[in-house]
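Q: Below is the sequence, then the predicted model.
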Amino acid sequence: MPGGRLTQQERQQIALGLSDGLAYAEIARSLDRPTSTITREVMRNGGPTAYRAEIAHRATEHRAHRRRQPAAPRNAQAAPQPYGRDAEAVREYEEVFTTGMMASGAPKMVSRLLACLYITDDGSLTASELVQHLQVSPATVSKSIAFLESQGLVRRERDERRRERYIVDNDVMYQSMVASARSTAQLAATARQGVVPLGSETPAGVRLENMARFLDFVSESLLRAADQARDILHSQPAAPSEAPTP
């Protein structure tokens, strides 16, 4: 049985197996790997619907590179996690979240920054906190924040110390869906513009009109679903039921 890390070719076979609807055990047998190895690989890199071989391979190389880095001085280590969380488990999940965002098409640094914000309890960090956590330059953070603001994915405000804080609040995902729906509607309008010069009864014209109708439907459905589900983003976890009195 082969050992060591999965190769890029093996990851491509995993991706093909997932696209064919194979179970993890079947994929594992074809690669002569333990099922647990395949399960861990897929879940760590976006899950069965978002797994991409190239992204998974890059993410693994990135993790390996980080492990080869010299250990940070004790005074530079992250503060203890609240709520008794396992710091290593949180760090690994942050990588999983980042990979999932990358699989959806977001740039790597944007994905890292969003993951960093989403897993904080306040959903809020300053630029200096982001720089320290991500180990990147202030300019890199500023550029990524500008992109996220343009997409309505983060907002900024000043705290009591007049520091700018970058925030992902409960309504950010709703605004993101609305922006996506509008972008899709704009693409539909662009497709429909081509029907006149190409001819409404030509193969190209029919293709563009059908594309426009499809995108219009998707945009309207997305807006409707976002409005209907908006309250979910503001819901609070149910209070745990009290144990019956003996």
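A: On my side now, so go ahead.
Q: Residue 174: which element?
A: Assigned by DSSP states H and E, residue 174 belongs to helix 172-193.
Q: so what does that helix touch, helix or strand wise?
A: If contacts are counted by 3 or more C-beta pairs under 8 Å, 6 or more residues apart in numbering; DSSP states H and E, helix 172-193 sits against helix 203-229. For the C-beta atoms, the positions are set from N, CA and C on the backbone; glycine is no exception.
Q: quick one: buried residues of the helix it packs on?
A: For helix 203-229, a neighbour-count test (16 or more other C-beta atoms under 10 Å) marks 205, 208-209, 211-212, 215-216, 218-219, 222-223, 226 as buried.
Q: Just give me the closest of the residues you listed to residue 182.
A: Using C-beta to C-beta, residue 219 is the member of the buried residues of helix 203-229 that lies nearest residue 182, at 7.4 Å.
Q: picking up where we left off before, show me what secondary structure element comes after the helix holding residue 174.
A: helix 195-198.
Q: other SSEs contacting that next one?
A: Short answer (3+ C-beta pairs under 8 Å, 6+ apart): helix 195-198 packs on helix 203-229.
Q: Next, the angle from the helix it packs on to helix 172-193.
A: 160 degrees (axes from the mean of the first three to the mean of the last three C-alpha atoms, to 10 degrees).
Q: Check the offset of helix 203-229 from the chain's centre.
A: 24 Å (C-alpha atoms, centre = their mean, to the nearest Å).
Q: so what secondary structure elements neighbour it?
A: helix 172-193, helix 195-198.
Q: just for this protein, where's the confidence low?
A: 1-3, 63-80, 237-246 (pLDDT under 70).
Q: Would you mind giving the domain segments of it?
A: Domain assignment for the chain, taken from automatic domain parsing, gives 8-61, 102-167, 172-233.
Q: Please convert these to CSV, extending it with distance to residue 81.
A: Converted to CSV, the domains of the chain look like this (distance: least, C-beta to C-beta, whole Å):
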stretch, distance to residue 81
domain 8-61, 20
domain 102-167, 10
domain 172-233, 23
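Q: Any idea which of those gets closest to residue 89?
A: Closest among the domains of the chain, using C-beta to C-beta: domain 102-167, at 11.2 Å.
Q: between the buried residues of helix 203-229, which is closest to residue 163?
A: Nearest member of the buried residues of helix 203-229 to residue 163, counting by C-beta to C-beta, is residue 226, at 31.9 Å.
Q: was I right about the closest one contacting residue 179?
A: No: assessed by C-beta atoms under 8 Å, residue 226 is found out of contact with residue 179, at 10.3 Å.
Q: which non-adjacent residue is nearest residue 148?
A: residue 154 (4.4 Å; C-beta to C-beta, 6 or more residues apart in numbering).
Q: Could you pull up the residues touching that neighbour?
A: Taking C-beta atoms under 8 Å, 6 or more residues apart in numbering as the criterion, residue 154 is in contact with 114, 117, 145, 148, 166-168, 172.
Q: Equivalent analysis for residue 43, please.
A: Shown in contact with residue 43 (C-beta under 8 Å, 6+ apart): residue 96.
Q: which element is residue 132 on?
A: Going by DSSP H and E, residue 132 is in helix 127-134.
Q: Show me what that helix is packed against.
A: helix 108-118, helix 138-150, strand 164-167.
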